[in-house]
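J.: structure, please.
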Amino acid sequence: MKILAVDDDELILEIVAATLRAGGYTSVTTATSAREAAELVSNATVPFDCFLLDIMMPEIDGIELAGWLRKAPQHRTTPIVMLTSMSEKSFIDRAFLAGATDYITKPFDAMDLTTRVQMAERQIQASRAANDSAGQILALTAQIDKRFAAPLSEPIALEDVDGLIDYLAMQNYLLQMSRGSFVGTSLFALRIADVGDIYAKASPALFHDILADVAECTLKAMCNSECIMSYAGNGSFAGVMGMAEGFDSADLEIEINMMMERLHLTDDRDQPLTVRVAVGAPQSIGMLHSGRWVINQMQRAIEDLAWAVPKANRGTLTAATPKGRLMRAFTQTR
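T.: The predicted structure follows:
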């Protein structure tokens, strides 16, 4: 596995490289600045498989570098592990929203660092296997776009939605949080009603766009609540938010569904396709609970919505086709 470690402290880079080599990872390249790292990435004939990034660096910090990496097509899903002394929630939030998949605070344990890189390697292998499988499907069934073919239960990455992180990154984010970081924070979940029927009727590309539209409508409706959200599979979304004054899940549900109604979604035969969401009541976390507890409660909240139906039914709800998602009109006004 080809690894790039970036830190302005050369001693840290030596320790990281020695630790990884002791763990069997011999292809470790180091850079002492984001600019040097960007040059190495741009000139690489073989793309890097994993990045270890410090945050606090001169001129360009590691979070900006992570965002830049995510814009490169070859690194949209490459594991990015933040390796930093910054433990404040604001830095953790920014890092995961920029595309980080894991977060380690200094001083780090050698075994923990090696374990996290091993997890990243397994993620790479799973991604490559999925791409290989998708390629085989494409060869047999030309009309299916391999980028979007996935089981309904899979928590697929919706890479084109700002403010949404993948589900594995969400779990890593929560595990990174200290108990005190959850003060004033609540977890929430929502689910697309009758998602099995929608999945059966829609092409993989259309279903991907429906998920993206629901995510964008939800994030727009929650713009007054600081939140981080992910797609958990089976039409369910979950996340954590700072509780906004007067927040009401029923009002949120109505607002999301009204936004979806204005998108005029049709199926692949241009027939109207109804898409509605059910939103569960938010659950306050508090300072006594750990990230592992929050992950378990989040999964329970998702399961509780398995048979939920929208609380209100206003009008005919329709949404957009993959030919041109009308949600872009909303995002341009943000």
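
J.: neighbours of Trp307, how many?
T.: Neighbour count for Trp307, taken as other Cβ atoms under 10 Å: 9. C-beta here means a position set from N, CA and C on the backbone, and glycine is covered the same way.

J.: could you look up the SS state of it?
T.: Put simply, Trp307 is coil when judged by DSSP: H, G, I helix; E, B strand; the rest coil.

J.: and what of Val240?
T.: Following three-state DSSP, we place Val240 in the strand state.

J.: now do it against Met222, distance only.
T.: Val240 is 11 Å from Met222, where distance means Cβ to Cβ, to the nearest Å.

J.: those two: which is more packed in?
T.: A count of neighbours by other Cβ under 10 Å puts Val240 above the other of Val240 and Met222, at 26 against 20.

J.: tell me the spacing between the more buried one and Gln171.
T.: 12 Å.

J.: any idea how far Val214 is from the closest residue to Phe207 other than its chain neighbours?
T.: With sequence-adjacent residues excluded and distances taken as Cβ to Cβ, 6 or more residues apart in numbering, Phe207 is closest to Tyr199, at 5.6 Å. Distance of Tyr199 to Val214, computed by Cβ to Cβ: 13 Å.

J.: what about these two, which has more around it?
T.: Legend: neighbour count by other Cβ under 10 Å for Tyr199 and Val214, higher for Val214 (29 against 19).

J.: now do the SS call for that one.
T.: Criterion first, three-state DSSP; result for Val214: helix.

J.: okay, now the unreliable bits of the stretch 51-200 of the chain?
T.: For the stretch 51-200 of the chain, the stretches with pLDDT under 70 are 127-148.

J.: all the helices of it, residue numbers only.
T.: Applying DSSP state H, counting those that start in this stretch to the stretch 51-200 of the chain gives helices spanning 62-71, 89-98, 110-140, 167-176, 195-201.

J.: extract the CA atoms of the first one and return them as CSV.
T.: When you say that, I think you mean helix 62-71. Extracted C-alpha coordinates of helix 62-71, given in CSV (Å, rounded to 0.1, in the frame of the first residue of the first chain):
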residue,chain,number,x,y,z
GLY,A,62,-4.4,19.6,6.6
ILE,A,63,-8.1,20.1,6.4
GLU,A,64,-7.7,22.3,3.3
LEU,A,65,-5.4,19.6,1.8
ALA,A,66,-8.0,16.9,2.5
GLY,A,67,-10.7,19.0,0.7
TRP,A,68,-8.3,19.4,-2.3
LEU,A,69,-7.6,15.7,-2.4
ARG,A,70,-11.3,14.9,-2.5
LYS,A,71,-11.7,17.0,-5.6
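
J.: how far does that helix sit from its chain's centre?
T.: 15 Å (Cα atoms, centre = their mean, to the nearest Å).

J.: who's in contact with it?
T.: With contact meaning Cβ atoms under 8 Å, 6 or more residues apart in numbering, helix 62-71 is reached by 6, 34, 37-38, 41, 51, 53-56, 75-76, 78, 80, 82, 84, 91, 94-95, 98-100.

J.: relative to Ala149, how far out is the residue nearest to Phe207?
T.: Distance, Tyr199 to Ala149, using Cβ to Cβ: 12 Å.

J.: now swap in Ala205 and tell me
T.: For Ala205, the distance to Ala149 equals 9 Å [Cβ to Cβ].

J.: give the contact list for Ile156.
T.: Applying Cβ under 8 Å, 6+ apart, the residues contacting Ile156 are 148, 150, 208, 211, 231, 233.

J.: weed out the non-buried ones from the contacts of helix 62-71.
T.: Taking 16 or more other Cβ atoms under 10 Å as the criterion, what is buried in these is 6, 34, 37-38, 41, 51, 53-55, 75, 78, 80, 82, 84, 91, 94-95, 98-100.

J.: alright, I will stop here.
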